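Participant: Below is the sequence, then the predicted model.
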Amino acid sequence: MNQDKWWKKSVVYQIYPKSFQDSNGDGIGDLNGIISRLDYLQNLGIEAIWLSPVYRSPQDDNGYDISDYQDIDPMFGSLADMERLIVEAKKRKIRIMMDLVLNHSSDEHFWFQEARKSRENPYHDYYVWRDGEEGILPNDMRACFGGSAWEWVPEVGQYYFHQFSIKQPDLNWENPKVRQEIYRMINWWMEKGVGGFRLDVIDVIAKEPDKKVTGNGSRLHEFIRELSRETFQKGDLITVGEAWGATPELARLYSNPDGSEFSMVFQFEHMVLDQQPGKDKWDLAPLPFLKLKEVLGRWQTELHGCGWNSLFWNNHDLPRIVSRFGNDKEYREISAKMFAILLHGMQGTPYVYQGEELGMTNAPYEIEDYRDIELLNCYHERLEQGYSKEEIMKSIHTKGRDNARTPMQWDASANAGFSTGTPWIRVNPNYAEINAASQVNDPDSIFSCYRRLIGLRKEYDVFAEGSFRMLMPEDESVFAYVREDESHELAVICNFFGDEAACPVLKDYASWELLAANYAKNGASEVLRPFEARMYIRRK
Ligand code: GLC
Ligand code: CA
C-alpha cells in the first residue's frame, strides 16, 4: 500500500555522479566524492538520493549502457565504496536510490556478447532480433539518438533492435528468463540496503517493433506489476518510473495507491511545451504559459487521492530551469527561488537536481566542449540535413543535456572545487559567482530558500495531503494556487515573468502568515515585482 508513506513528505536529490565530486583527481566524480558531501545534503534536508547509474559501463551514454548490473564501474569506485555510501547515508537518514536501466543493456554485457554468437545461443532470445538481409531493414523505426533502430549482426544474419544508441541493445521483456534475471539482480541490491529505484524509460520496455510500438505496449502494466511484486513490494522502497508517454490516466496505474506498481512516475508533459508540436526537442518554440498552468494544474487535480505526482523542473536530461523559463542574468537568484517556491508548494514528491539549489545555469559552450552522445549526434545529423551551424548551436545551448552535466560548483577555487585534476567536461565559467560555499551560510541564498521549503513540507501536512485549486487560470503572468486540508490553507502566488504584474487577489492573503518569499521586503499589495513569489499559510 502506498498510503502514509515516508516519501510523501520527503524531498529527493538527484546526483549525476560523474559531475558531482571527484575524490582522486582523475577529473571524474566518484562514490567517495559523494560520501564527502553527505553532510551538505543532510544540511539541505533531503531524505533520499537518486544516483544516476554507477554500474560497470563502457560509458557510451554516460552509464545508461550497463555491462554489469551487479558491479560498480571502477571509474566511480568499488562495491565496497557503494556499501559504505549506503551506510554513511543511512547514518544521516538519507536513503540511496539506484537507477535501473532495464529497457536495454550495453552491447558489452555478457548476455549480448553471447546473444550475438548464434541463434542457438541460450542468451540469443534475451534481445529483440528480426531476420533480414544486410541492407534491408526490418522497418523504418528510428533510434532516439538518431539513425535506424536496427543494427545488422552478420554472425547470426539478423538485426537487433535498439531504441537508443547502437551500443544499447533492447532487452526482450517477452522472455521470462530475462525478467527473472532482472528480479534477482534487484533483490540483490535490496539486500545491500538500497532504499529505492528510479526506472529508466520504463514505459518503453514492452515494445512491439512489428507494430512499430515502443511506448505503452500492451503488456507494459502486466510486466510492471510482476516486477513490483517480485521485488519492491518486499521492502519500504521509493520507486519512480521515467515515463515520457504517461497521461494522468496511466499515471494512476503506475502510482496506484494499492502499491501494485511504483510509488510515482516522472511525466514530461510540462517539459515538452517549448518545442514545435510534432517535432523534437531541438525545434524550439516559446513557452505557452497558459498551457503550462493547465498541464501542471491538471496533473495536480487528476492524481489527488488516487495517485502520486513527482515534481521537478530539472534532471540530467534537461536544461537548467533558471536559463530555460527564468532569467539567468539580472534575476537569476529571484527567478531560481520563484521556481522553487512554485514547485515545492504542490502535491507530490519534489526532486532537486544537483546545483539547482544554487541556481546553476546552462553552459554556453563551443561544440568541442560538449560530451553528450545525443547532443553530438544531433549536431552532425542536422549539419548533414542542411541546418546552419548557428541554428544548431542555438538549439544545443537551449536544450542540450550537457547544460545540466557540468561539474557541481562547490566553491571559488580552481575547477569550482569539483576536482584537482582536469574535469571530464568543462566547468561553467560562472563558478566564482555561483557556488555552494557562498550560499550555505547565507540566509537569503537560493540554497537557504530550498532548505526552508524542504523543511516546511515536513512541518505542515497540507503540503502532502491538501487539495489543489488553480487561481486565475487565464492570467497571462501570474501562476497562483491554493491548497487545503482539514487544518490549513496554503496559497502560492508567483509572477512567472520579468515584468511587474498586476495581481488584485494578493490583498486577500495579506493577513495570512508569509511562509516563504523571494524578495526581502514585502512589496505592494496588488502588484507583483519581477519573478516575485510568495507562499502564505493560515490555520482554519
Ligand atoms: C533516459 C535517461 C537518459 C538516457 C536514456 C537511455 O531517458 O534519463 O539519460 O540517455 O534513458 O537510457
Ligand atoms: Ca574520480
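Facilitator: Sure thing, it's come through. For clarity, every value in this text was computed on a predicted model and none was experimentally measured. Numbers count the residues shown, from 1 in each chain. Ligands and ions are numbered 1, 2, ... in the order given.
Participant: For ligand 1, what is the nearest residue in the stretch 51-200 of the chain?
Facilitator: Scanning the stretch 51-200 of the chain for the residue nearest ligand 1 gives Tyr64, at 3.4 Å (criterion: CB to the nearest ligand atom). Yep, even glycine has a C-beta here, placed from its N, CA and C like the rest.
Participant: so that residue, which of the three states?
Facilitator: Using DSSP: H, G, I helix; E, B strand; the rest coil, the three-state assignment for Tyr64 comes out as coil.
Participant: Could you list which residues are in contact with it?
Facilitator: Counting by CB atoms under 8 Å, 6 or more residues apart in numbering, Tyr64 touches Ser52, Pro53, Ser57, Asp99, Val101, Phe164, Gln168, Asp200.
Participant: any idea how far ligand 2 is from the last one?
Facilitator: So that's Asp200. Using CB to the ion, to the nearest Å, Asp200 is found at 23 Å from ligand 2.
Participant: Give me the distance between the residue of the stretch 51-200 of the chain closest to ligand 1 and Val101.
Facilitator: With the distance defined as CB to CB, to the nearest Å, Tyr64 ends up 5 Å from Val101.
Participant: Are there residues contacting both of these two? Which ones?
Facilitator: Overlap between the contact sets of Tyr64 and Val101, as judged by CB under 8 Å, 6+ apart, is given by Pro53, Asp200.
Participant: Can you give me the domain boundaries for the protein?
Facilitator: The chain is divided into the following domains under automatic domain parsing: 6-103+176-446, 110-161, 464-539.
Participant: Quick check: residues of the chain near ligand 2?
Facilitator: Proximity of the chain to ligand 2 (CB under 5 Å from the ion) is limited to residues Asp22, Asn24, Asp26, Ile28, Asp30.
Participant: If you drop the residues flanking it in sequence, what lies closest to the residue sitting nearest the centre point of the chain?
Facilitator: Compute the mean C-alpha point of the chain, and by CA atoms, centre = their mean the closest residue is Asn315, 3.6 Å away. The shortest distance from Asn315 to any residue that is not its chain neighbour, by CB to CB, 6 or more residues apart in numbering, is 5.3 Å, and that residue is Tyr353.
Participant: In contact with the one you found, which residues are there?
Facilitator: Contacts of Tyr353 were listed using CB under 8 Å, 6+ apart, and they are Tyr13, Gln14, Tyr16, Phe312, Trp313, Asn314, Asn315, His316, Ala404.
Participant: Tell me what the first one is bridged to.
Facilitator: Pointing back at Tyr13 there. Ile49, Val352 (DSSP bridges).
Participant: since we're on it, how many residues are nearby?
Facilitator: Other residues within reach of Tyr13 by the criterion other CB atoms under 10 Å amount to 25.
Participant: same thing with the last one?
Facilitator: Burial measure for Ala404: 25 neighbouring residues, criterion other CB under 10 Å.
Participant: Now do the same contact list for it.
Facilitator: Residues in contact with Ala404, defined by CB under 8 Å, 6+ apart, are Tyr16, Asn314, Asn315, His316, Asp317, Leu318, Pro319, Arg320, Tyr353, Gly355.
Participant: Nearest residue to the second one in space, please, no chain neighbours.
Facilitator: By the measure of CB to CB, 6+ apart, the closest residue to Asn314 outside its immediate chain neighbours is Tyr353, 3.8 Å from it.
Participant: Which pLDDT does the model give the one you found?
Facilitator: The pLDDT attached to Tyr353 in the predicted structure is 98.
Participant: Relative to Arg229, how far out is it?
Facilitator: The separation that Tyr353 has from Arg229, given CB to CB, amounts to 31 Å.
Participant: How much space separates Asp140 from ligand 2?
Facilitator: 42 Å.
Participant: where does that residue land in three-state SS?
Facilitator: Reduced to three states with three-state DSSP, the structure at Asp140 is coil.
Participant: returning to what we had before: just the buried ones from the residues of the chain next to ligand 2?
Facilitator: Restricting the residues of the chain next to ligand 2 to buried positions leaves Asp22, Ile28, Asp30, with burial counted as 16 or more other CB atoms under 10 Å.
Participant: Looking at those residues, which is nearest Thr349?
Facilitator: Closest to Thr349 out of these is Asp30 (27.1 Å), distances taken as CB to CB.
Participant: That closest one: what's it in contact with?
Facilitator: Under the criterion of CB under 8 Å, 6+ apart, the contact list for Asp30 reads Pro17, Gln21, Asp22, Ser23, Asn24, Met75, Phe76, Gly77, Asp81.
Participant: Provide a list of residues in contact with the residue of the stretch 401-540 of the chain found nearest ligand 2.
Facilitator: Here the residue of the stretch 401-540 of the chain nearest ligand 2 is Ser419; by CB to the ion that distance is 7.2 Å. Contacts for Ser419 (CB under 8 Å, 6+ apart) come out as Asp22, Gly25, Asp26, Gly27, Ile28, Gly29, Pro407.
Participant: Which of the helices or strands spans it?
Facilitator: Ser419 is part of no helix or strand when elements are defined by DSSP states H and E.
Participant: Okay, it and Gly29: tell me how far apart.
Facilitator: Distance of Ser419 to Gly29, given as CB to CB: 8 Å.
Participant: Now list whatever residues contact both of these two.
Facilitator: Overlap between the neighbourhoods of Ser419 and Gly29 consists of Asp22, Pro407, taking contacts as CB under 8 Å, 6+ apart.
Participant: Ligand 1 versus Ser263, what's the distance?
Facilitator: 18 Å (CB to the nearest ligand atom, to the nearest Å).
Participant: what sits against Trp308?
Facilitator: Contacts were defined as CB under 8 Å, 6+ apart; by that measure Trp308 touches Asn2, Lys8, Ser255, Pro257, Ser263, Met264, Gly348, Thr349.
Participant: Name only those of these that count as buried.
Facilitator: For the contacts of Trp308, a neighbour count by 16+ other CB under 10 Å gives the buried set as Asn2, Lys8, Ser255, Ser263, Met264, Gly348, Thr349.
Participant: What is the neighbour count of the closest residue to ligand 1 within the stretch 301-450 of the chain?
Facilitator: Minimum separation of the stretch 301-450 of the chain from ligand 1 (CB to the nearest ligand atom) falls at Asp317, amounting to 4.8 Å. Residues contacting Asp317 under the criterion other CB under 10 Å number 21.
Participant: wait, it sits on Arg401?
Facilitator: Yes - with contacts counted by CB atoms under 8 Å, Asp317 reaches Arg401, the gap being 5.2 Å.
Participant: Stretch 90-106: end-to-end distance?
Facilitator: Start and end residues of stretch 90-106 are separated by 31 Å (CA to CA, to the nearest Å).
Participant: nope, stretch 262-274 is what I meant
Facilitator: Taking CA to CA as the measure, stretch 262-274 stretches 29 Å from start to finish.
Participant: quick one: average confidence on it?
Facilitator: The average pLDDT within stretch 262-274 is 98.
Participant: How about stretch 505-512?
Facilitator: Averaging pLDDT along stretch 505-512 gives 93.
Participant: and it, which residues are buried?
Facilitator: Residues of stretch 505-512 classed as buried by neighbour count (16+ other CB under 10 Å): Leu506, Tyr509, Trp512.
Participant: Any chance you could list what contacts it?
Facilitator: Here stretch 505-512 makes contact (CB under 8 Å, 6+ apart) with 471-472, 480, 489, 491, 493, 525-528, 534, 536-538.
Participant: mind listing the strands for the stretch 251-400 of the chain?
Facilitator: Secondary structure of the stretch 251-400 of the chain by DSSP state E, counting those that start in this stretch: the strands cover 264-266, 310-311, 349-353.
Participant: As a markdown table, those strands with distance to Tyr123 would be great.
Facilitator: Shown next, in a markdown table, are the strands of the stretch 251-400 of the chain (distance: least, CB to CB, whole Å):
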| stretch | distance to Tyr123 |
| --- | --- |
| strand 264-266 | 30 |
| strand 310-311 | 35 |
| strand 349-353 | 36 |
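Participant: Tell me which of those strands lies nearest to Asp444.
Facilitator: Minimum separation from Asp444 across those (CB to CB) falls at strand 349-353, 18.5 Å.
Participant: what about that closest one, near ligand 1?
Facilitator: No - where contact is defined by CB under 6 Å from any ligand atom, no part of strand 349-353 touches ligand 1; the two come within 11.5 Å at best.
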